[in-house]
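Provided below are the primary sequence and the corresponding predicted coordinates.
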Amino acid sequence: METINPDMPPHSIEAEQQLLGAILTGFCGVDVVHSHGGKGLFYDPVHATIFKVCAGLAANDQPVTPVTVAASFPTESLGVLAQLGGKGYLAKIAGHAVSPRLAASYAEVLGEAKAKRDLMDLMARAISDLNSGEIRASDVASKIEAALSVTETRSLKSVSMTAAIMDAVKDSVAAFQGDTSGRVSSGIPALDRFVGGFYPGDMWLLGGRPSMGKTGVMLNIGLNAARAGHPVIIASLEMIPRAMAVRALSEQMAQNNCAVSYANLRNGEYSAKQGEDMKRAAAMLSDLPISFLPKEFADANLLQSGARQILRKHKGSEKRPLVLVDYAQLMRSDAKSRYEQITEVSLALKGLAMRFEAPVVALSQLSRAVESREDKRPIMSDLRESGQLEQDADGVIFCYRDSYYIERAKPDGSDADDLAAWEDAMRHAHNRLELIVAKQRQGEIGTAHVHFNPAINRIWE
């Protein structure tokens with residue numbers, strides 16, 4: 001059925017005519033086209049316009065017939081339609097309509113031809129990019145891989161209520177029996193009592209002002225998940241992987257009861273015994289299923305491509321993967337305005353979670369409005385430039401350390417009572433962290449209180 005001509009892209013004019021005929025005669029609706037790729041299924045521009053008119057009529061609950069389509073045809077396209085026979089052409093293709101039983105099969109044929117055309121366009125752009133010499137080969141390869149996902153999802157299928165209910169019951173029974181493989185726990189008990197774990201398809205934001213511990217919390221979640229056997233991807237867009245790794249080393253050494261701050265590890269300020277402890281911690285961490293995507297993967301498409309390559313290696317894992325992004329505002333897209341960029345980034349992160357059935361936790365900056373309030377605990381409106389991120393997120397957690405602000409409000413010492421009150425406040429706030437669950441679609445909100453030592457990246461009850 002598909003036209004085979006080396007000088008022309010793959011297409012089938014006959015299949016396009018017969019599928020449009022089925023729509024014009026009511027044998028099938030426009031949904032069959034939408035679910036297989038939409039207007040792009042039609043190679044012939046006139047056929048694409050005919051379908052667009054049909055879809056517009058259907059969306060407004062108007063009858064879709066040769067007469068109504070001709071009456072609604074765009075003025076600028078009437079000349080081309082007239083060359084084919086005008087209303088007579090619409091009647092002709094209606095007379096060649098495919099049967100309702102075969103409409104979906106014809107849509108699949110056109111979808112396959114469209115996928116081939118898309119791949120040919122992709123390869124042509126890749127060759128042009130390579131010939132220009134301005135783009136690295138690795139970047140071109142990553143863009144190709146990211147774009148190839150279109151061939152995996154071009155035929156969309158609905159999910160019945162029966163299938164959805166069966167999946168929900170299966171997950172519930174597994175949770176009742178203590179099977180946690182379907183979700184990723186944070187490994188921070190106080191937080192898990194609120195959240196219960198990060199589930200497939202979920203996107204969470206972890207926000208906070210600088211020095212509030214959000215990178216430390218993210219890394220703790222990643223280490224805990226990896227220790228439980230979950231493949232973990234950390235898109236480290238702000239720090240190079242070795243900087244993240246030295247924090248992990250400090251945290252592991254603290255777990256082993258031989259704590260050394262990551263600043264001292266980085267500066268080589270430790271004893272020979274602590275050096276041996278560091279080597280043991282390094283051996284333990286090296287076995288964890290954690291992979292880093294450095295700042296070169298800040299592009300939304302490249303991030304998806306990099307994640308896909310890593311997850312392919314863990315395809316046989318029974319544990320859900322976890323994707324961590326540090327941080328969302330550092331991701332890039334081709335959009336022009338900052339608002340459009342953040343919107344595309346948000347959709348890319350949510351799409352990543354949905355496509356790979358992996359929870360995504362992305363760090364997010366907060367606006368300086370926090371600093372102007374007396375109570376500096378973050379609220380939802382503090383999420384910087386992230387209206388779309390806030391809407392798409394399934395949950396939002398804020399990090400808050402009262403000690404940070406108390407320390408900077410130290411009195412000058414002229415009043416002993418003020419100094420004593422400040423010291424008492426510092427003792428109370430020392431190493432305390434609030435994890436504020438400000439949004440959760442599938443659960444309650446509230447605050448988890450934990451201890452946190454930022455110098456060694458350690459969180460405990």
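Structure received.

isn't there a strand covering Met426?
No - assigned with DSSP: H, G, I helix; E, B strand; the rest coil, Met426 falls outside any strand and is helix.

which residue is the nearest non-sequential neighbour of it?
Excluding the flanking residues, the one nearest Met426 by Cβ to Cβ, 6 or more residues apart in numbering is Ile406, at 5.6 Å. Backbone N, C-alpha and C define where each C-beta goes, glycine included.

how are the helices of the stretch 351-461 of the chain distributed by residue range?
All helices of the stretch 351-461 of the chain, identified by DSSP state H, counting those that start in this stretch, fall at 387-392, 402-407, 416-429.

can you lay out those as CSV showing mean neighbour count?
Shown next, in CSV, are the helices of the stretch 351-461 of the chain (neighbours: other Cβ atoms under 10 Å):
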stretch, mean neighbour count
helix 387-392, 17
helix 402-407, 16
helix 416-429, 12
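
can you put those in a markdown table and add distance to Ser372 and mean pLDDT?
Compiled in a markdown table, the helices of the stretch 351-461 of the chain are given as follows (distance: least, Cβ to Cβ, whole Å; pLDDT from 0 to 100):
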| stretch | distance to Ser372 | mean pLDDT |
| --- | --- | --- |
| helix 387-392 | 20 | 76 |
| helix 402-407 | 13 | 87 |
| helix 416-429 | 21 | 84 |
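
among these, which comes closest to Asp326?
Evaluated over the helices of the stretch 351-461 of the chain, closeness to Asp326 peaks at helix 387-392, with 14.4 Å, by Cβ to Cβ.

tell me what that closest one is packed against?
If contacts are counted by 3 or more Cβ pairs under 8 Å, 6 or more residues apart in numbering; DSSP states H and E, helix 387-392 sits against strand 203-207, helix 338-355.

need these in CSV with mean pLDDT and mean neighbour count, can you?
Output for the helices and strands packed on helix 387-392, formatted as CSV (pLDDT from 0 to 100; neighbours: other Cβ atoms under 10 Å):
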stretch, mean pLDDT, mean neighbour count
strand 203-207, 92, 27
helix 338-355, 80, 19
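
between the ones you listed, which one is closest to Asp167.
Nearest of the helices and strands packed on helix 387-392 (Cβ to Cβ): helix 338-355, 14.6 Å.

now do Ala272, the pLDDT please.
The score at Ala272 is 92. That number is its pLDDT.

relative to Ser261, how far out is it?
Separation of Ala272 from Ser261 (Cβ to Cβ, to the nearest Å): 17 Å.

what's the burial count for the nearest residue to Arg183 once chain neighbours are set aside?
Closest residue to Arg183 in three dimensions, ignoring its sequence neighbours and counting by Cβ to Cβ, 6+ apart: Gly197, at 3.5 Å. Residues near Gly197, counting by other Cβ atoms under 10 Å, number 18.

list the residues that contact Gly197.
Under the criterion of Cβ atoms under 8 Å, 6 or more residues apart in numbering, the neighbours of Gly197 are Thr180, Arg183, Val184, Ser185, Ser186.

now, of those residues, which are buried?
Buried members of the contacts of Gly197, counted by 16 or more other Cβ atoms under 10 Å: Thr180, Arg183, Val184, Ser185, Ser186.

Arg193 is in contact with the fourth one, correct?
No - in this structure, Ser185 sits apart from Arg193 without contact. The criterion is Cβ atoms under 8 Å, and the distance is 10.7 Å.

what's the helix or strand for Met218?
helix 214-227 (DSSP states H and E).

same thing with Glu251?
helix 241-255.

geometric centre of the chain: which residue is closest?
Geometric centre of the chain, nearest residue: Leu349, 1.8 Å, by Cα atoms, centre = their mean.

what's the mean pLDDT across the lengthiest helix in the chain?
Looking across the chain with DSSP state H, the single longest helix is helix 103-132. Averaging pLDDT along helix 103-132 yields 86.

against Leu293, how distant is Ser138?
Using Cβ to Cβ, we find Ser138 at a distance of 13 Å from Leu293.

of these two, who's got more company?
Shown here are Ser138 and Leu293; by other Cβ under 10 Å, Leu293 has more neighbours (23 against 10).

give me the pLDDT value at that one.
Value listed for Leu293 in the pLDDT field: 89.

for it, give me its contacts.
Leu293 neighbours (Cβ under 8 Å, 6+ apart): Ile233, Ile234, Ala235, Ser236, Leu303, Gly306, Ala307, Ile310.

quick check: the fifth one touching Leu330?
No - with contacts defined as Cβ under 8 Å, Leu303 does not count as touching Leu330, sitting 10.7 Å away.

neighbour-wise, which of these two wins?
Leu303 (25 against 16).
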